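Engineer: Sequence plus predicted model, see below.
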Amino acid sequence: MAEINYLGQLHHPNLVKLIGYCLENEHQLLVYEFMSRGSLDNHLFGRGSGSQPLSWKLRMKIALDAGRGLEYLHGEKVIHRDFKSSNILLDANYEAKISDFGLAKDGPEGNQSHVSTRCMGTYGYAAPEYMATGHLKAKSDVYSFGAVLLEILCGRRALDSTRPPREQNLVEWARPYVSSRRQVLRIMDGRIEGQYCVKKAFTAAKLALKCLSEDPKRRPSMDEVVMELEQLQDFE
């Protein structure tokens, strides 16, 4: 029902549209607009699909689209709570839209700093302080956005148990390399080598790590994230 409540009221080009729904006894059917290119997760990590890897330009566009969707939600005092690459869907023109509002919550009001809630979400994307305390705030989504931005840059999952132990947690593996422009090249997705300016890649990686700060107060707002991502777009 959360999905219907939120998507029935919230409208933005970067949120997936709810076309209609049917509730019959315990059965619930939701109908969304058709997102023909599937999820960002599938484009980044789908193996053997035969599809071309996403270009640097498309990756930065998708990051900006998703960032704008989150920025809008936070402006409406809504926290998504399960922002991840599999919940970012792409239409025929690679326009990115946020989906799956089943865990969304109203944000804190007045003088409240957070909303207390049962801990949900996805490990690897969920903010550490939220996982530890159940205290939810808009900056919890910002952490999740940072994890997705790092996936976009590196072409690796936030958590991947098939990799060597020290490389399974993407954030911990990547963090030491975001210290210089030369070092950051070691974590970039090899499939887009030569497509980007190193300065922009370094800026994007630093932005991801700011979003991933352990202290929520040190994370930027989504308004600030969107402003930085706008500067990273390659306009022809």
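Structural biologist: Happy to help now that I have it. Residues are numbered from 1 along each chain as shown.
Engineer: phi, psi of residue 90?
Structural biologist: phi -120, psi 130 (degrees, to the nearest 10).
Engineer: One more: residue 43?
Structural biologist: According to degrees, to the nearest 10, residue 43 has phi -70, psi -40.
Engineer: who's in contact with it?
Structural biologist: Contacts for residue 43 (CB atoms under 8 Å, 6 or more residues apart in numbering) come out as 37, 51, 53-54, 90. Every C-beta, even on glycine, is put in place using the N, C-alpha and C of the backbone.
Engineer: let's see it at 6 Å
Structural biologist: residue 54 (CB atoms under 6 Å, 6 or more residues apart in numbering).
Engineer: Could you do residue 59 as well?
Structural biologist: Residue 59 sits in contact with residue 152, where contact means CB under 6 Å, 6+ apart.
Engineer: Now it: which helix or strand?
Structural biologist: Under the criterion of DSSP states H and E, residue 59 resides in helix 56-75.
Engineer: Out of the helices and strands in this structure, which is least certain?
Structural biologist: strand 115-116 (a mean of 63; mean pLDDT, DSSP states H and E).
Engineer: Buried residues, the helix or strand following that strand. List them.
Structural biologist: Next along the chain after strand 115-116, taking DSSP H and E as the criterion, comes helix 128-133. In terms of neighbour count (16 or more other CB atoms under 10 Å), helix 128-133 has its buried residues at 129-130.
Engineer: List the strands paired with the very next helix or strand once past helix 128-133, with their directions.
Structural biologist: The first helix or strand that comes after helix 128-133 along the chain, using DSSP H and E, is strand 135-136. Its sheet considered, strand 135-136 pairs with strand 115-116 (antiparallel) by DSSP bridges.
Engineer: quick one, helices of the protein?
Structural biologist: Under the criterion DSSP state H, the chain contains helices at 2-9, 40-45, 56-75, 128-133, 138-154, 170-174, 181-184, 198-211, 222-231.
Engineer: Out of these, indicate the one that is most buried.
Structural biologist: helix 138-154 (a mean of 25; mean count of other CB atoms under 10 Å).
Engineer: And that one, what does it pack against?
Structural biologist: Helix 138-154 sits against helix 56-75, helix 198-211, with contacts defined as 3 or more CB pairs under 6 Å, 6 or more residues apart in numbering; DSSP states H and E.
Engineer: Output those as CSV; include the columns mean pLDDT.
Structural biologist: Putting the helices and strands packed on helix 138-154 into CSV (pLDDT from 0 to 100) gives the following:
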stretch, mean pLDDT
helix 56-75, 97
helix 198-211, 96
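Engineer: okay, and for the chain, where does confidence drop off?
Structural biologist: Counting by pLDDT under 70, the chain shows low-confidence ranges at 1-3, 5, 47-51, 105-121, 235-236.
Engineer: which ones are touching residue 16?
Structural biologist: Per CB under 6 Å, 6+ apart, neighbours of residue 16: 32, 89, 97, 99.
Engineer: Pick out the residue nearest the middle of the protein.
Structural biologist: residue 145 (3.7 Å; CA atoms, centre = their mean).
Engineer: wait, it sits on residue 210?
Structural biologist: No - using CB atoms under 6 Å, residue 145 is not in contact with residue 210, being 10.5 Å away.
Engineer: Can you get me a residue count around residue 19?
Structural biologist: Residue 19 sits with 11 neighbouring residues when counted by other CB atoms under 10 Å.
Engineer: related to what we said a few turns ago, now the helices and strands packed on helix 138-154 in JSON lines, with distance to residue 160?
Structural biologist: Shown next, in JSON lines, are those (distance: least, CB to CB, whole Å):
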{"stretch": "helix 56-75", "distance to residue 160": "19"}
{"stretch": "helix 198-211", "distance to residue 160": "17"}
